[in-house]
Structures are given as C-alpha cells and as structure tokens.
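Undergrad: only geometry, no sequence info:
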C-alpha cells in the first residue's frame, strides 16, 4: 500500500533538513516515509504554468503545482477563506459568497483531480486534507478512480441551518458521499455533518455510516493531537538552556505572574474579547494590578483580506485603551506581539506562564491548548483556561472551561486560575497530560489510517486510548512526585523568574 496525501499547501523539505519537532506536516511526512508515498498540492507559488513538478526526498515524492493569480483570488482568498472559513466558524455575518469565487474553487479542484489521477497507482490509499479540497474525491471518482479515499476536516463543521445558508451548499455537501471515510475533530462535528447529509441530501444514516445511492461513507471523530513528548522536551530545555533571556519579551514582568495567549490573528480566535476579559479581570480585582500581565502573541495572517486588516487595527486599539486606563508608569498590563516565534520559544513562554488563556469563539481543535499543557512543569504547573467552543474542550475537561462571549466569566476564570492551590493544579495537570499523551499526533495518524484501511474498529480504538491514558497518568504522577522533592542536584531547574529560552 502506498499512501497519497493531498493538501492545499505542500512545502518540499530541503535535502538535509531536520524535521521541526511536532506538527501535522511532520506526522504526515513520517507516515509517508513509513508506507512510501506521494504528497500532492499547491506549491504556494503563482504562475500561469499549471504543470506538476515532482521532487523525491527519501521515500516520499512531492508533487506540486502553482496557482494562477485568478485562481488564488477565487479558490483560495475568495471561496475558501471568505465563504467556507467564516461559515464553518458559525460567522454568517462575515460569510461572503461569489459565484465567480465558487466557480474558481470548483475549477481548481477539477484541475487537481486531473493532475493527481495521472499519478495514482491501483493500490494507493488517498488521504485528502481540509476545506479547500472538499469536492476533490467526487472529481476523482468522475475520472474513474476506485481507490480508498479519506478526508480529514480540520476546522468545525456547522449544523445544516448554518452551512445551508450558503448558496450551492447542498451540491457541495453531497460530494462528501464520494469518500470512504470522513474524519472530523469532535462528535459534535460528526453529528452536524451526518445530520446535514440526511437533511440536505436525503441520505440514510445508521450510526456513523451514511448511505447515498450505492456508496456508503463513514463519518467519525478523530481528535488531532500534538507530539507531546517532543514538546515537553522543548519546554524542559528552555529551562536548562539559559542562552537568550526570556526577558527580551517578558522581562518587564520581572517576578510578576504571566497570562499567555497564542493565536494566529483571526476573528475566530476571540483575541479582542480576550483582551477585554483581561481588562475586566483587573477592574474586578484591582489587587492584581501591577502583579500580573497578559502576553498575547498574534502573528498576522491573510492581511490582504479586509476583515483581517480591521482585526489588526482593533486589537491594537483595545490593548492601547486598556493599557492607558489600567496601567502604571512602570507597568503595562497587556503586551500584544504581532510576530511569529519558533516552537522552542513558544514552549518557553508556555512554561513561564501561570495561566494559558485559550478562548476562541469557535475552533476545530486548537492545539495551543495541548501545547500549553505539554509544556508545564509537573511540580508547579500552570492552569489552562479553555473556551467551551474549542474542540479541545471535549477532551480537556480538567481545564477551566469558559464561555468566551462572557467577559465576566473569563475574568473570573483568570482569578480562579491564579489563586488555585498547587495540589489542585497538579491534579488537573496529571489528568490533562494523561489525555494528550494517550491521544498524541502519532496515535491520531495511526488511528485514522487504520480506519481508512478498515483494520481497526471503534471499540478497539477506545480500549487502546483507555490503556494509554492509564499508563500516561501513572508516568505523570511519578514525575510530579520526583519533581516535588527538594532539588539536590547542581543542575536543578532554576525558578521561573530565571527561565531563558532560545530566541
């Protein structure tokens, strides 16, 4: 069996490039190396040449093609990111539909199908990723492709009354019937998609099986994970390295406590509401003024889309207003840093922060929540405050779960997190870590491919997770006990105020 991965963007690694720790790209690359495979998609380049270029790296062939500028505008910036993205994040007011954009979206999928079909072998298993490529399997089937084809949807899938508000939504959702397996992040997403197929396409559903005509499609939740062990090591190394001072960014905090948010600058992430909630926390509890600060890391994205440019302006405006109203001459309560950091640096920031504030208005999973947990010191862990509208909330029930639309509720959760006794923080951390360790990125990849190949049942998956979670919990408890003993070694970790991380 050869694995064929298809995604909107494909980055070809350099010949001797070392894999960056963690991440979906690394997990997929490892799966491709294991099976021998092909990775197909958009190169990220713009040209009028639609030819496919193939590059071999080890056991993996990378096949990429450019988009034309018109395709970028219609398929990518247009329908994918101004219609599908807001609609699937339940933001009907921001959903913009254009027939020209939709035609461009379908055109790129047809072109990808034509190019990919010429590269396929009879025993290939095809794994397609995300909302840019929803109709790709239907286009492949029309070209006679009979291979097993799976799809994974990384963002939320909304209910039929939301998705159905978009023109041609019935036609688009019906293309899901061309897949053998559709994976989503949560049971809510799976239920929404199944109900949508039943209501909009008159499909017949039996549990996670959906029949449309002669084809049967399985729709199942596969919550994505992170490389927990690799990220834990990054965070621990940030304590030991002591090379570039963390005070470059968090230095003004001194020994003050840190609340951290890390998000791409996107309206689905609830960044403005989070800033307002932190301001409300300081107004409700003035005793914390001067003693705790919020660091919001928000690298810009899609800046050529007007809604994102407006969010960029508004986040600066809100942070400035709150700093002016609540700050002191030697202390600003909020820092918004609009740049991307390396995973090493982020691991160090998470480890330094007493509170991880992950409050999207809607998210498929949100891996920042899992990264924050993985980075914590078992002996003195921080507290995760998590939106109930993030897919991660379905797994991470030991976090403080909040409604991100209620700034007072989020404000009180920040206060609760900062005041939480160490014993309770450790108890919550142990359970959270056991969960993310049992369902890490390797487990997710293996589980999906096993289901796509038909070699693992849901009951077997559940038993495997339970066993892994028990083992992880025992390991974490031992680590907490060991880390809680007085440090006698010369190389013991320094206190939080002395943590350094690579820049």
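TA: Done, it's in. Computed from a prediction, not measured in an experiment: that's the story for all the values here. Numbering: from 1, shown residues only.
Undergrad: List of residues touching the lengthiest strand in the chain?
TA: What stands out as the longest strand in the chain, according to DSSP state E, is strand 37-46. For strand 37-46, contacts defined as Cβ atoms under 8 Å, 6 or more residues apart in numbering pick out 2-12, 28-29, 31-32, 52-53, 59-69, 72, 76, 112, 115-116, 119, 124. Yep, even glycine has a C-beta here, placed from its N, CA and C like the rest.
Undergrad: Toward the C-terminus, what is the element adjacent to the helix or strand bottoming out on mean pLDDT in the chain?
TA: Lowest by mean pLDDT, DSSP states H and E among the helices and strands of the chain is helix 247-250, with a mean of 53. Downstream of helix 247-250, the next assigned helix or strand under DSSP states H and E is strand 257-262.
Undergrad: The next helix or strand after that following strand: which residues count as buried?
TA: Tracing the chain past strand 257-262, the next element assigned as helix or strand by DSSP H and E is helix 271-284. Residues 271, 272, 273, 274, 275, 276, 277, 278, 279, 280, 281, 282 are the ones in helix 271-284 that count as buried (16 or more other Cβ atoms under 10 Å).
Undergrad: Closest one to residue 449 out of those residues, please.
TA: Ranked by distance to residue 449 (Cβ to Cβ), the buried residues of helix 271-284 are led by residue 271 at 35.0 Å.
Undergrad: contacting residues around that closest one?
TA: Here residue 271 is in contact with 261, 263, 265, 296, 298, 311, 315 (Cβ under 8 Å, 6+ apart).
Undergrad: switch to 6 Å and redo it
TA: 263, 298, 315 (Cβ atoms under 6 Å, 6 or more residues apart in numbering).
Undergrad: now those residues as CSV including neighbour count, pLDDT and distance to residue 425?
TA: Putting the contacts of residue 271 into CSV (neighbours: other Cβ atoms under 10 Å; pLDDT from 0 to 100; distance: Cβ to Cβ, whole Å) gives the following:
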residue, neighbour count, pLDDT, distance to residue 425
263, 22, 94, 23
298, 22, 93, 26
315, 20, 95, 30
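Undergrad: Tabulate the residues you listed in a markdown table, adding columns for distance to residue 172.
TA: A markdown table is the format used below for the contacts of residue 271 (distance: Cβ to Cβ, whole Å):
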| residue | distance to residue 172 |
| --- | --- |
| 263 | 28 |
| 298 | 31 |
| 315 | 32 |
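Undergrad: show me where the stretch 51-200 of the chain has helices.
TA: 69-71, 85-88, 99-117, 136-142, 160-163, 169-174, 187-201 (DSSP state H, counting those that start in this stretch).
Undergrad: before we move on, what about the stretch 201-350 of the chain?
TA: 228-241, 247-250, 271-284, 306-326, 343-352.
Undergrad: and residue 422, how many residues sit next to it?
TA: 11 (other Cβ atoms under 10 Å).
Undergrad: mind listing the helices for the stretch 401-503 of the chain?
TA: Using DSSP H, counting those that start in this stretch, the helices of the stretch 401-503 of the chain run over 407-419, 422-438, 441-453, 458-484.
Undergrad: Would you mind getting the angle between the second one and helix 228-241?
TA: Put simply, helix 422-438 runs at 130 degrees to helix 228-241, going by axes from the mean of the first three to the mean of the last three Cα atoms, to 10 degrees.
Undergrad: Who are the contact partners of the nearest residue to residue 167 once chain neighbours are set aside?
TA: Leaving aside its chain neighbours, residue 167 sits nearest to residue 97 (5.3 Å; criterion: Cβ to Cβ, 6 or more residues apart in numbering). Residues near residue 97 by Cβ under 6 Å, 6+ apart: 83, 166, 167.
Undergrad: From residue 78, how far out is residue 97?
TA: The spacing between residue 97 and residue 78, counted by Cβ to Cβ, to the nearest Å, is 9 Å.
Undergrad: now do residue 182
TA: Taken as Cβ to Cβ, the span from residue 182 to residue 78 is 24 Å.
Undergrad: Between these two, which is the more surrounded one?
TA: A direct count of neighbours by other Cβ under 10 Å for residue 182 and residue 78 places residue 182 higher, at 29 against 24.
Undergrad: Quick check: the gap between the more buried one and residue 455.
TA: Taking Cβ to Cβ as the measure, residue 182 falls 18 Å from residue 455.
Undergrad: and what of residue 240?
TA: Distance, residue 240 to residue 455, by Cβ to Cβ: 42 Å.
Undergrad: same deal with residue 25?
TA: On the measure of Cβ to Cβ, residue 25 and residue 455 end up 25 Å apart.
Undergrad: okay, the two: which has more neighbours?
TA: Counted by other Cβ under 10 Å, residue 25 and residue 455 do not tie: residue 25 has more neighbours, with 17 against 9.
Undergrad: where does the more buried one land on pLDDT?
TA: With respect to pLDDT, residue 25 scores 79.
Undergrad: In what element of secondary structure is it found?
TA: Element membership of residue 25 [criterion: DSSP H and E] is helix 24-35.
Undergrad: circling back: in terms of mean pLDDT, which of the helices of the stretch 401-503 of the chain ranks lowest?
TA: helix 458-484 (a mean of 60).
Undergrad: Give me the distance between the two termini of stretch 350-358.
TA: With Cα to Cα, to the nearest Å as the measure, stretch 350-358 spans 12 Å from end to end.
Undergrad: and if you look at stretch 350-369?
TA: 10 Å.
Undergrad: which other residues reach it?
TA: Here stretch 350-369 has contacts from 89-90, 154-156, 185, 224, 226, 235, 238, 257-262, 268-270, 274, 372, 375, 382-387, 389-392, 404, 417, 496, 499, using Cβ under 6 Å, 6+ apart.
Undergrad: and if you look at stretch 82-93?
TA: With Cβ under 6 Å, 6+ apart, stretch 82-93 has contacts from 94-97, 131, 155-156, 158, 162, 165-166, 268, 362.
Undergrad: Most neighbours of all those, which one?
TA: residue 156 (25 neighbours).
Undergrad: for that one, phi and psi?
TA: With angles defined as degrees, to the nearest 10, residue 156 sits at phi -60, psi 150.
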